[in-house]
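**Student:** any chance you can model this:
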Amino acid sequence: MAYSTIPKGNLYMNTVLYTGNGSTQNITGVGFKPDWVWVKQRGGTTNHKTSDAVRGVTKALQPNDTDAEATDSNGITAFNSNGFSLGNGGDYNGSSNTQVAWNWKANGAGSANTDGAIGSVTASANQTAGFSIVKYEGTGNAVTVGHGLGAVPKMMIIKNRASAEEWGVYHVANGNTHVQYLNTSNAKIDDAGFWNDTTPTNLVFTVGNSSRVNQNGSAMIAYCFAEKQGYSKFGSYTGNGATLGPFVYCGFKPSFIIVKKTSGSGSWWMHDNKTSPFNVATQVIVANSNATETNGVGQMDFLSNGFKLRDATDATNSSGGSYIYMAFAKNPFVATSGSDAIPATAR
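**Tutor:** Next comes the predicted model:
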């Protein structure tokens with residue numbers, strides 16, 4: 001039985017929907033003080049925006065493109081105890097715009113980490129939830145970086161803050177020899193410049209000489225994820241090209257899923273339980289594009305112990321296609337191993 005010590009996943013990762021007002025407003029209902037917030041307008045072709053507590057609240061990056069970090073003084077202006085505050089920036093808070101925000105809890109602004117060979121590293125690590133935000137300065141040569149998780153990362157998303165470079169994604173199913181770019185639809189690429197063909201450990205991850213993850217003298221940011229039973233899963237599956245696609249076991253009822261094809265071109269498809277509150281989950285946002293939310297493609301069911309693909313879209317379920325995913329729980333299949341164990345139910 002897939003017991004978990006995290007009975008409510010939304011205490012560490014949660015999605016909120018809101019409507020922009022073109023002025024300023026406080027977004028509530030997150031359930032915790034977020035340390036990483038990722039925002040997208042659902043009905044318009046605006047860029048994805050993301051800010052975190054380590055870089056600073058108004059320092060924005062755009063997951064769908066290569067742009068360097070910029071200051072959005074009218075974007076996310078504060079992280080609050082139950083959400084975040086917004087200025088009047090159109091990508092975040094345009095009048096009457098429907099928006100989605102994905103939120104993760106790390107450990108505030110972080111502290112110094114000396115586990116790796118780089119001397120100046122700040123890590124904001126939530127070991128309970130297996131999530132850390134790591135700020136470091138590139139060296140241009142292969143080097144280790146402390147991540148603070150106390151467990152081996154299964155997925156990492158890294159961006160050069162100072163330059164127009166792709167977002168490098170490490171995923172355990174792709175291994176230490178391959179990378180994918182969050183901002184493109186490309187298949188996985190064999191490139192030792194990213195991870196130096198070295199698997200992360202419970203203390204450090206390794207970056208090679210690629211300017212995308214380790215440019216000499218440039219500021220870098222890494223979002224690192226370790227797997228936690230009943231709360232998060234980072235795995236792979238093979239498509240069958242059928243309307244009734246494969247079932248993917250997670251050990252929990254998902255609340256948020258990203259799927260990416262590795263064997264060929266395909267976008268990063270984002271599903272959550274707020275934009276699609278009922279099965280079949282039909283609403284999709286693409287991480288590598290500024291496109292509006294899409295309805296009716298890449299469909300899936302969120303089940304009590306995983307998810308099931310429900311169409312033959314090439315980006316999520318081509319026959320024989322290889323895919324990676326990241327998933328977070330609404331609640332585990334069974335919450336605890338004691339007499340208060342709570343079974344999950346399908347929605």
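
**Student:** where are the low-confidence patches of this structure?
**Tutor:** 1-3, 332-347 (pLDDT under 70).

**Student:** now do the helices in it.
**Tutor:** 90-93, 192-195, 211-214, 314-317 (DSSP state H).

**Student:** now do the last one: everything it contacts.
**Tutor:** Helix 314-317 is touched from outside by 185, 239-242, 245-246, 259, 261, 264, 266-267, 269, 297-298, 300, 309, 311, 321, 323, with contacts defined as CB atoms under 8 Å, 6 or more residues apart in numbering. C-beta here means a position set from N, CA and C on the backbone, and glycine is covered the same way.

**Student:** what about burial for those, which qualify?
**Tutor:** The neighbour-count test (16 or more other CB atoms under 10 Å) marks 185, 239-240, 245, 259, 261, 266-267, 269, 298, 300, 309, 311, 321, 323 as buried among those.

**Student:** now, which of those sits nearest Y136?
**Tutor:** For these, the minimum distance to Y136 (CB to CB) is 28.0 Å, reached by S185.

**Student:** before we move on, back to that, nearest to I118, out of the helices of the chain?
**Tutor:** helix 211-214 (9.3 Å).

**Student:** how about the CA coordinates for that closest one, as PDB?
**Tutor:** Coordinates of the C-alpha atoms in helix 211-214 are reproduced here as PDB (Å, rounded to 0.1, in the frame of the first residue of the first chain):
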ATOM      1  CA  SER A 211      26.500  28.300 -20.800                       C
ATOM      2  CA  ARG A 212      22.800  27.400 -20.300                       C
ATOM      3  CA  VAL A 213      23.500  26.000 -16.800                       C
ATOM      4  CA  ASN A 214      27.100  27.100 -16.000                       C
END
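
**Student:** residues in contact with it?
**Tutor:** 138-143, 158, 160, 163, 165-168, 193-194, 207-208, 218, 220.

**Student:** recalculate using a threshold of 10 Å.
**Tutor:** Contacts made with helix 211-214 from outside it, assessed by CB atoms under 10 Å, 6 or more residues apart in numbering, are listed as 66, 118, 136-143, 145, 156, 158-160, 162-163, 165-168, 170, 179, 181, 191, 193-196, 205-208, 218, 220, 222.

**Student:** filter these to the buried ones?
**Tutor:** When these are checked for burial by 16+ other CB under 10 Å, the buried set is 66, 118, 136-139, 142-143, 145, 156, 158-160, 162-163, 165-168, 170, 179, 181, 193-196, 205-208, 218, 220, 222.

**Student:** buried deepest among the helices of the chain, which one?
**Tutor:** Across these, the average number of neighbours (mean count of other CB atoms under 10 Å) peaks for helix 211-214, which reaches a mean of 24.

**Student:** any idea how far N113 is from S124?
**Tutor:** Using CB to CB, to the nearest Å, one gets 10 Å for the distance from S124 to N113.

**Student:** that older thread, sort out for me which of the contacts of helix 211-214 are in strands.
**Tutor:** When the contacts of helix 211-214 are checked against strands (DSSP state E), the matches are 136-137, 143, 145, 156, 158-160, 168, 170, 179, 181, 205-207, 220, 222.

**Student:** picking that back up, hey, what's in contact with both of S124 and N113?
**Tutor:** Taking CB under 10 Å, 6+ apart as the contact criterion, the residues that touch both S124 and N113 are 132, 134-135, 148.

**Student:** farthest-apart pair in those, please.
**Tutor:** Using CB to CB, the shared contacts of S124 and N113 reach their maximum pairwise distance at K135 and G148, which is 11.3 Å.

**Student:** re the thing from before, nearest to G94, of the shared contacts of S124 and N113?
**Tutor:** For G94, the nearest member of those is K135. The distance, counting by CB to CB, is 29.9 Å.

**Student:** I'd say that closest one and S120 touch.
**Tutor:** Yes - the criterion here is CB atoms under 10 Å, and K135 meets it with S120 at 8.8 Å.

**Student:** can you list residues touching both of those two?
**Tutor:** Common neighbours of K135 and S120 (criterion: CB under 10 Å, 6+ apart): N113.

**Student:** which one of those two has more residues nearby?
**Tutor:** Counting neighbours by other CB atoms under 10 Å for K135 and for S120 shows that K135 has the greater number, 22 against 10.

**Student:** ok now do that one, which residues does it touch?
**Tutor:** So K135 contacts 52, 54-56, 109-110, 113, 120-124, 145, 161, 219-222 (CB under 10 Å, 6+ apart).

**Student:** for PyMOL, what selects the buried ones among those residues?
**Tutor:** The following PyMOL selection, which keeps only the buried ones among the contacts of K135, applies the criterion 16+ other CB under 10 Å:
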select buried, resi 52+54+55+109+110+113+121+122+123+124+145+161+219+220+221+222
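
**Student:** picking that back up, hey, what's in contact with both of K135 and G148?
**Tutor:** Applying CB under 10 Å, 6+ apart, one finds that K135 and G148 are jointly contacted by 110, 113, 121-124.

**Student:** need the max-distance pair from those.
**Tutor:** Using CB to CB, the shared contacts of K135 and G148 reach their maximum pairwise distance at V121 and S124, which is 11.0 Å.

**Student:** if we can go back for a sec, in JSON lines, list the shared contacts of S124 and N113 along with distance to I76.
**Tutor:** Putting the shared contacts of S124 and N113 into JSON lines (distance: CB to CB, whole Å) gives the following:
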{"residue": "S132", "distance to I76": "20"}
{"residue": "V134", "distance to I76": "20"}
{"residue": "K135", "distance to I76": "17"}
{"residue": "G148", "distance to I76": "23"}
